[in-house]
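A.B. asks: Give me a model of this one.
(chains A, B, C and D)
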2 protein chains.
Amino acid sequence: MLTSSQRQLLRVISEAGPLSRTEMASMLGLSKAAMSGIARDLIDLGVLHETETVYGQGRPSILLDLHPECAFFVGISLLEDPAPMILSDLNGRIIARQAMPLSRDPKVIAEAITEGLPRLLEAHPEAGEKLSGIGVALSGFVDETQANCVQSTLLNWQDVPLARIIRERSGVETFIENDAKAVAVSEKLFGSAREIQNFSVVSLGDGIGCAHFIEGKLYRGNHGGAGEIAHCTIESGGVPCRCGKRGCLDTVASMKAIKEMSRAEGLECTSLSDIEEKASTGNAAAIRILHRAGSALGLAIANLIQMNDPGLILITHVEGSFDGLFGTVLNQAVETNVLPRYAGQTPIRIKRVDGDVWARGAASIAAHNFLIGPNSN
Amino acid sequence: MLTSSQRQLLRVISEAGPLSRTEMASMLGLSKAAMSGIARDLIDLGVLHETETVYGQGRPSILLDLHPECAFFVGISLLEDPAPMILSDLNGRIIARQAMPLSRDPKVIAEAITEGLPRLLEAHPEAGEKLSGIGVALSGFVDETQANCVQSTLLNWQDVPLARIIRERSGVETFIENDAKAVAVSEKLFGSAREIQNFSVVSLGDGIGCAHFIEGKLYRGNHGGAGEIAHCTIESGGVPCRCGKRGCLDTVASMKAIKEMSRAEGLECTSLSDIEEKASTGNAAAIRILHRAGSALGLAIANLIQMNDPGLILITHVEGSFDGLFGTVLNQAVETNVLPRYAGQTPIRIKRVDGDVWARGAASIAAHNFLIGPNSN
DNA sequence: ACACTAAGTTCAGAAAATGAACAAATCAAC
DNA sequence: GTTGATTTGTTCATTTTCTGAACTTAGTGT
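C.D. replies: Reported below is the predicted structural model:
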């Protein structure tokens, strides 16, 4: 078990990257003397290691960084069938990859994971020894202990203590998380938002997910529902949504909605690129659909900016590119719906992600618990 | 200067009210032994005092609470002319009240405050000795040090280090804050949100303000703009707003907008009650205006709920009552625009406030800095 | 070779928290 | 009433954690 200071240090390093002992001391507000001991202990534990030596005036400083191979994590995405299962190190690098059949029965899932583990680890004995946790990403609401799924429409669950079930069956520490929140954590830990304290991730796929980091911590809200941007009303009195209300962002801007609208217009569409291409050749219906979707998402993001003033909006997407009409309209809509004083002040970063997002996000939940721990302070 | 543990304790008491030493120990995760010393020190300092004795099985426990007269604060609102100036204790009770001329010149403001202080304190010598800070509420953006006004349209300011100017002139520790954020802090410290960790305050007046508390702390966002709900686009392509864009919530639901719309329809309207009364007698224009305003504010609040999932929405207002059409429509709009699963799950509390809100809010900023301190942890 | 600079270590001592024993104040039961 | 159970709060020796100051180390600049 790590001490509170050790945890704080790991957090700082995971945010700010390799640091010298002196820098660490000043960032944590500790003396060099205290830092010296803390660093020694963590090096002895194999969690930190000395990397680069930086020469300046005076004695050169030695940067310390997390040892990427000090711990390994398994991440599983329950969003696809078969469910991908990956093995990752502390840098988020994927070391092994596999799949397992998806099920709605928690016990069957736990069984499949337990069976899959040895195969995932077989080429990496050192990872097996240092396996520090399993993370599971799913579509639904997860409680703040990252142990229970409060509700999942997709899996038809209600108060399922999935983490405990997997932990008991597999013998490995397990945490679960909502899909969008898991992606946000992986961006904070491994990705392009490491040093940013306040940011929101919007994940655009068949559905639209969103999660907020506030003051360096994932914010899940009072019922675990923070970030449910997909069901913000964007078009008053719009088309009915599967959630029961009307005009949700999800009915206009999700890839599922875009595909459905395209099909309704007689356009073949399996990805964003498809319809972007048609729009670029002047197809009126395609242009209309992209316009509607882009401005809806842009408005939602503008509202998010107005509401929370994040330091970064990170849009992750799997399909096609954002260089076309959709992206242009989206950016325009953000600019015109944000206080002019703020226009352009909130960076919006587009990130194309591969099919491993969810599984990597899941692994990052385990990594986060290893590094920072469940206890807040 | 208080230690970190002492600060943590004050925070817990300010949230949870009177507690026994044993309860405090378990809440802070400390031993009874450690708690004993911390409590003794704070009692010696005059910050805590023993209140009620609670009898149960075993030795009765003695509840400790903040001593309301251990420190006094001055709060000034720069939102009105003349600017109200109040003296408050640690419970938010207003002890003395006064006014000073408003100015746009920071030095003149500092001068007026310094001149006003002795008169405010003259009947309360003990408050003068224990005066622990001045808080100033203003309309505009304030940086995270609560010292500089980054920008204020109303006062025509840009990067004004108001807190330093007042502190230097008056010799009293001074902090400034945005109006809506100050109200949120006063509700957290003195009001009806003491024990709630995640909540948002929506203040309805001539303008619409909003501020979020997240994980027990005021969240100001990356540029101090968190909560700028007033300029969320609610009616796409709606009427132009003074901010430069169109269809902002402020153009439809602020009291200023309601009054203007009423006048445009030839209705006399100086307060919400006026127009509510006309609506209740069947005046179509009045009904239309209230409907539009109520559903706009309801939609904005619904979006806020979807986005941040707060544990409470507190709507503060000065004028009239919320029992009429406006309140009904507002509630309806919230319900229909929130995920059905969440409908009714987020309590919305309406609170009628008097003319002292802003000044009391300002004082609470000083009180907050006294209790919890500027340093986060 | 010489000062100069800054990083990191060592070590005695201060500060803060713990655990265990104990004193204090009540209730409950006989 | 007296006794025992029960829980609060204190005391004190000990442990843990951090600090300050002196010191060592490994470079740069002249």
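A.B. asks: Pull out the buried positions in stretch A:185-193.
C.D. replies: Within stretch A:185-193, the residues that qualify as buried are A:185-191, A:193, counting by 16 or more other Cβ atoms under 10 Å in any protein chain shown. Yep, even glycine has a C-beta here, placed from its N, CA and C like the rest.
A.B. asks: and the closest residue to A:Glu215 other than its chain neighbours, what element?
C.D. replies: Distances taken as Cβ to Cβ, 6 or more residues apart in numbering or on different chains put A:Gln197 closest to A:Glu215, at 5.8 Å, once the chain neighbours are dropped. Under DSSP states H and E, no helix or strand contains A:Gln197.
A.B. asks: Do you know the pLDDT at A:Gln197?
C.D. replies: On the pLDDT scale, A:Gln197 is placed at 96.
A.B. asks: count of neighbours near it?
C.D. replies: 16 (other Cβ atoms under 10 Å in any protein chain shown).
A.B. asks: Which segments of chain A make up each domain?
C.D. replies: Domain segmentation of chain A under automatic domain parsing yields A:4-66, A:71-186+A:357-371, A:197-311+A:319-352.
A.B. asks: What ranges does the stretch 1-150 of chain A have for its strands?
C.D. replies: Ranges of strands in the stretch 1-150 of chain A, per DSSP state E, counting those that start in this stretch, are A:19-20, A:48-54, A:61-66, A:72-77, A:83-88, A:94-100, A:131-138, A:141-142, A:149-152.
A.B. asks: which one of those strands is the most hemmed in?
C.D. replies: For the strands of the stretch 1-150 of chain A, the largest average neighbour count (mean count of other Cβ atoms under 10 Å in any protein chain shown) is found in strand A:72-77, namely a mean of 29.
A.B. asks: for the record, mean pLDDT for the top helix by length along chain A?
C.D. replies: Taking DSSP state H as the criterion, chain A has its longest helix at helix A:284-308. Model confidence over helix A:284-308, given as mean pLDDT, is 97.
A.B. asks: mind listing what's buried in that helix?
C.D. replies: A:285-287, A:289-308.
A.B. asks: And that helix, what does it pack against?
C.D. replies: If contacts are counted by 3 or more Cβ pairs under 8 Å, 6 or more residues apart in numbering or on different chains; DSSP states H and E, helix A:284-308 sits against strand A:199-204, strand A:208-214, helix A:250-253, helix A:255-264, helix A:272-280, strand A:313-317, helix A:325-336, helix B:284-308.
A.B. asks: Need the domains of chain A in JSON lines (columns: distance to DNA strand D).
C.D. replies: Listed next are these as JSON lines, based on distance: least, Cβ to the nearest atom of the strand, whole Å:
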{"stretch": "domain A:4-66", "distance to DNA strand D": "3"}
{"stretch": "domain A:71-186+A:357-371", "distance to DNA strand D": "18"}
{"stretch": "domain A:197-311+A:319-352", "distance to DNA strand D": "19"}
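A.B. asks: which stretch among those comes nearest B:Leu314?
C.D. replies: Of all the domains of chain A, it is domain A:197-311+A:319-352 that lies closest to B:Leu314, at 13.7 Å by Cβ to Cβ.
A.B. asks: chain center to that closest one: distance?
C.D. replies: Taking Cα atoms, centre = their mean, to the nearest Å, the mean C-alpha location of domain A:197-311+A:319-352 is offset from the chain mean by 17 Å.
A.B. asks: How about stretch A:142-150?
C.D. replies: Counting by Cα atoms, centre = their mean, stretch A:142-150 comes out at 16 Å from the chain centroid.
A.B. asks: residues in contact with stretch A:52-62?
C.D. replies: A:18, A:20-23, A:50-51, A:63 (Cβ atoms under 8 Å, 6 or more residues apart in numbering or on different chains).
A.B. asks: And DNA strand C, is stretch A:40-60 touching that?
C.D. replies: Yes. Applying Cβ under 7 Å from any atom of the strand, one finds stretch A:40-60 touching DNA strand C at A:40, A:56-60.
A.B. asks: Okay, and which of the residues you listed map to helices?
C.D. replies: Checking the residues of stretch A:40-60 next to DNA strand C against DSSP H, those in helices are A:Arg40.
A.B. asks: and of the residues of stretch A:40-60 next to DNA strand C, the nearest to chain B?
C.D. replies: Nearest to chain B among the residues of stretch A:40-60 next to DNA strand C, counting by Cβ to the nearest Cβ, is A:Arg40 at 24.3 Å.
A.B. asks: mind listing what the closest one touches?
C.D. replies: Contacts of A:Arg40 by Cβ under 8 Å, 6+ apart: none found.
A.B. asks: next one: the one 3 residues further on
C.D. replies: Contact partners of A:Ile43, counting by Cβ under 8 Å, 6+ apart, are A:49-50, A:64.
A.B. asks: What of A:Leu131?
C.D. replies: Contacts of A:Leu131 (Cβ under 8 Å, 6+ apart): A:71-74, A:121, A:172.
A.B. asks: Most widely separated two among those?
C.D. replies: Farthest pair in the contacts of A:Leu131, by Cβ to Cβ: A:Ala71 and A:Leu121, 13.5 Å.
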